[in-house]
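Asker: Fold the following, please.
(chains A and B)
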Amino acid sequence: MSIQEIYDAVMAYEEEDVAELVQAQVDAGTDIEKILNEGLISALDVIGEKFSAGTLFVPEMLMAAEAVQAGLEIVRPLLIDTGAKPVGTVILGTVKGDLHDIGKNLVGMMFEGAGFKLIDLGTDVDPEEFISAAQENDADIIALSGLLTTSMPEMEKTVEAIRDANKNRNLNVKTMVGGPPINEEFATRIGADGYSVDAPTAVDDARALMAAGI
Amino acid sequence: MTWTHRERILAALNHEEADRVPIDFGGAEFTSITLACYEKLKKYMGIDTPTEVMSIIHTCAHPAEEILDRFGVDTRNVQPSPYEGGVDHWTDDNTYTDTFNVLWKRTEKAVDQHFLHQDGPFHGGKLTVEQVEEYDWPDGKNPGLVKGIRERVEQIQANGDHAVCLYLPGGIIHRGYAMRGFEAYLKDLYKRPEAVQLLMDKLCDFWCDTAESMIEAAGPENVDIIYFGEDLGTQDSCMFDPDTIYKDYLKPRHRRMVETVKGATNNKAKVCYHCCGSAYHFIPHLLDIGIDALNPVQVTAKNMEPERLKEAFGDRLTFWGGINTQEILPFGTPVEVAAETKRIIDILGKGGGYILNSVHNIQAEVPPENIVAMFETGVNHRYH
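Answerer: Okay, here's the model as predicted:
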């Protein structure tokens, strides 16, 4: 019995095996952060890299993220007990006027799988909802998603509202944007702090923003 | 020589240049215009013909004949009529249950008000072979589906020599997503392959039966194009593995669908396959099963640059669409739209093999001036 087995079970998309193996490690007294980092997060990172490289696809990422989720459910309460802090806190949602959530959900799964605390506000989220959720949860990042081209002006408004709240309402969050019609150029133009091409990259970008000391 | 509309379309599909690029608008549910945008276009053009809805689920319009004429559109649409005696019904204006018992809800708060599927007969739990087998499947030969088809074809023929584009909705992936749930279906491809393949077969049976009776009703000699499809790509990648999941599970069923429609039209009709997003890695498989044209050629998706596509597949595949709906049509000026339209015609239309259309339905925020600029450029621009 080893942490490698947890890693292997994630890579094999075996959700039930992951839960059993994580529980066994917990029962054996293995360090919780070691289970999390070496068993779960590192496996999902590899899946994410393969997804971004175009060698694995949506079904594989869904299955791996769910396998990690099964392990997280066991370790999460224990992490709280140990007083360990999450990597960061992310508020996630699809912007106002857009009800698509497949991409957003993938991003959410990857954030959780990477040890972030995630508050998913769902779809059709008003700028003010993002801001109040960020205030209530002392968030580090607000991540905005959208599929429709009609969502792009809404995304711009939301980023502006957040920037205004950062300046005038004692908020201190970074903004990340993503979705099929979104690109780097658009993100820069509307003043977002980051643009990510896909879900695994969003996690990497969020890590970079955290490391840059936000 | 003077080219008829039909000849222009057939020339493109046979990789020959006609007098100008052939144009489609409203040939299928994915080459039309959203209702909100259509109203703006009608107003701009001074047309007050009542709006005919092509698909309430996709919230798109059936463009009026006078608009099609003004834009020099070479295609005319034929598609199934409503199923008779099925389980489909409206609960209220925003809630619809379809023939496959899938619950659709209008996205009331969304700008374009389209529908998204919310629930279906196989949602939740583990999908089993028994469940799929025992389901009360609708009949693809339902008489309602073909009602009025012959009359529609006769009307098209009486009004001019346009290419008859027979659109067949459904398929095996999108209907599968709707009945089972998107994420569950994708996982079933690995976790419950037997049950999900049976689901594919049942949907394939329905589609082929409908296709055969539609072609028979239209008259096999009258059908120029069969249009169908389901998305295989995402913006930046493939939805699933083209060389395992697609090749082993989906391709054999798609092959059967293509063979069915080609067989039913004595190999006369050409087949256009619709696949949003990055279709690049699937194209060799699509060519292998006999697909003639690819729509909507989402040029902003990965590996979908027009130069790359024409170079790799231009001798065997006709490109249908290609005018950038994610950037230029909604956010550009008419001058930029005209320049982009010329660019696409010059690249994809060289030697034939291109039919002009926007990438997917023209979306809600596209200014009418840009729509006019796209079609006018299509009519006036010459290949060389």
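Asker: CA atoms for contacts and neighbours, from now on please.
Answerer: Noted.
Asker: State the distance from B:Glu52 to chain A.
Answerer: Applying C-alpha to the nearest C-alpha, to the nearest Å, the value for B:Glu52 to chain A is 24 Å.
Asker: and chain A, which residues reach chain B?
Answerer: Proximity of chain A to chain B is assessed by C-alpha under 8 Å from any C-alpha of the partner chain, with A:54-60, A:62-63, A:96-99, A:124, A:149-150, A:180-181, A:197-198 identified as the residues in range.
Asker: ok, 10 Å please
Answerer: A:13-14, A:51-63, A:96-100, A:102-103, A:123-124, A:148-151, A:179-182, A:197-198 (C-alpha under 10 Å from any C-alpha of the partner chain).
Asker: Among these, which lie within helices?
Answerer: Where these overlap with helices, as defined by DSSP state H, the overlap consists of A:51-52, A:58-63, A:102-103, A:151.
Asker: Verify the contact between B:His254 and B:Leu286 for me.
Answerer: Yes - the pair B:His254 and B:Leu286 passes the contact test of C-alpha atoms under 10 Å, sitting 8.6 Å apart.
Asker: list residues touching both of those two?
Answerer: Each of B:247, B:273 lies in contact with both B:His254 and B:Leu286 under the rule C-alpha atoms under 10 Å, 6 or more residues apart in numbering or on different chains.
Asker: one step back: select only the buried ones of the residues of chain A next to chain B in ChimeraX?
Answerer: What follows is the ChimeraX syntax for the buried subset of those, where burial is set by 16 or more other C-alpha atoms under 10 Å in any protein chain shown:
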select /A:13,14,51,52,56,57,58,59,60,61,62,63,96,97,98,99,100,103,123,124,148,149,150,151,179,180,181,182,197,198
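Asker: element containing B:Val196, please.
Answerer: Here B:Val196, judged by DSSP states H and E, is contained in helix B:193-218.
Asker: How many residues are close by B:Gly160?
Answerer: Other residues lying near B:Gly160 total 12 when counted by other C-alpha atoms under 10 Å in any protein chain shown.
Asker: go on, A:Val173?
Answerer: By other C-alpha under 10 Å, neighbour count at A:Val173 equals 23.
Asker: Repeat that for A:Pro86.
Answerer: By the measure other C-alpha under 10 Å, the count of residues near A:Pro86 is 15.
Asker: just the one 4 residues further on next, same as before
Answerer: Residue crowding around A:Val90 was assessed by other C-alpha under 10 Å; the count is 28.
Asker: Quick one: classify it as helix, strand or coil.
Answerer: Under DSSP: H, G, I helix; E, B strand; the rest coil, A:Val90 falls in the strand class.
Asker: where do the helices sit along chain A?
Answerer: With DSSP H as the criterion, chain A has helices at A:3-11, A:15-27, A:32-34, A:42-52, A:58-82, A:102-113, A:127-137, A:151-168, A:184-190, A:199-211.
Asker: do the same with chain B
Answerer: Counting by DSSP H, the segments of chain B that form helices are B:5-13, B:35-45, B:65-70, B:129-134, B:149-159, B:174-180, B:182-191, B:193-218, B:251-264, B:283-288, B:306-313, B:328-331, B:334-348, B:368-380.
Asker: Which residue, neighbours along the chain excluded, lies closest to B:Asp241?
Answerer: Closest residue in space to B:Asp241, ignoring its immediate chain neighbours: A:Phe57 at 6.3 Å, by C-alpha to C-alpha, 6 or more residues apart in numbering or on different chains.
Asker: Equivalent analysis for B:Phe115, please.
Answerer: Among residues not flanking B:Phe115 along the chain, B:Arg106 sits closest, at 4.2 Å (C-alpha to C-alpha, 6+ apart).
Asker: Likewise for A:Leu121?
Answerer: In space, and not counting its chain neighbours, A:Leu121 is closest to A:Gly93: 5.1 Å by C-alpha to C-alpha, 6+ apart.
Asker: Over to B:Glu365?
Answerer: Ranked by C-alpha to C-alpha, 6+ apart and with sequence neighbours excluded, the top spatial neighbour of B:Glu365 is B:Pro330, at 5.9 Å.
Asker: Show the contacting residues for the most centrally placed residue in chain A.
Answerer: The centroid of chain A falls nearest to A:Phe111 when counting by C-alpha atoms, centre = their mean (2.0 Å). If a contact means C-alpha under 10 Å, 6+ apart, then A:Phe111 has A:65, A:87-90, A:92, A:105, A:117-118, A:199-200, A:202-204, A:206-207 as its contacts.
Asker: ok, now with 7 Å
Answerer: Residues counted as contacts of A:Phe111 (C-alpha atoms under 7 Å, 6 or more residues apart in numbering or on different chains) are A:118, A:203.
Asker: What distance do you get for it to chain B?
Answerer: Where chain B is concerned, A:Phe111 sits at a distance of 18 Å (C-alpha to the nearest C-alpha).
Asker: In the chain, where is pLDDT below threshold?
Answerer: Assuming you mean chain A. For chain A, applying pLDDT under 70 flags the ranges A:1, A:214.
Asker: not quite, I wanted chain B
Answerer: Filtered on pLDDT under 70, chain B yields the residue ranges B:111-112, B:384.
Asker: quick one, domains of chain A?
Answerer: Split into domains by automatic domain parsing, chain A comes to A:3-82, A:89-211.
Asker: Skipping its backbone neighbours, what lies nearest residue 41 in space?
Answerer: No chain specified, so I'll use chain A. The shortest distance from A:Ile41 to any residue other than its chain neighbours is 5.3 Å, reached at A:Ala114 (C-alpha to C-alpha, 6+ apart).
Asker: let's do chain B instead
Answerer: Here the nearest residue to B:Leu41 in space, its sequence neighbours aside, is B:Pro368; by C-alpha to C-alpha, 6+ apart that works out to 5.0 Å.
Asker: since we're on that neighbour, how many residues are nearby?
Answerer: Counted with other C-alpha under 10 Å, B:Pro368 comes out at 21.
Asker: do the same with the one 3 residues further on
Answerer: B:Ile371 is flanked by 22 other residues according to other C-alpha under 10 Å.
Asker: which parts of chain B sit against chain A?
Answerer: Proximity of chain B to chain A (C-alpha under 7 Å from any C-alpha of the partner chain) is limited to residues B:107, B:109-111, B:186-187, B:235, B:237-241, B:326, B:365.
Asker: Of the residues you listed - the most surrounded one?
Answerer: Counting by other C-alpha under 10 Å, top hit in those: B:Ser237 with 26 neighbours.
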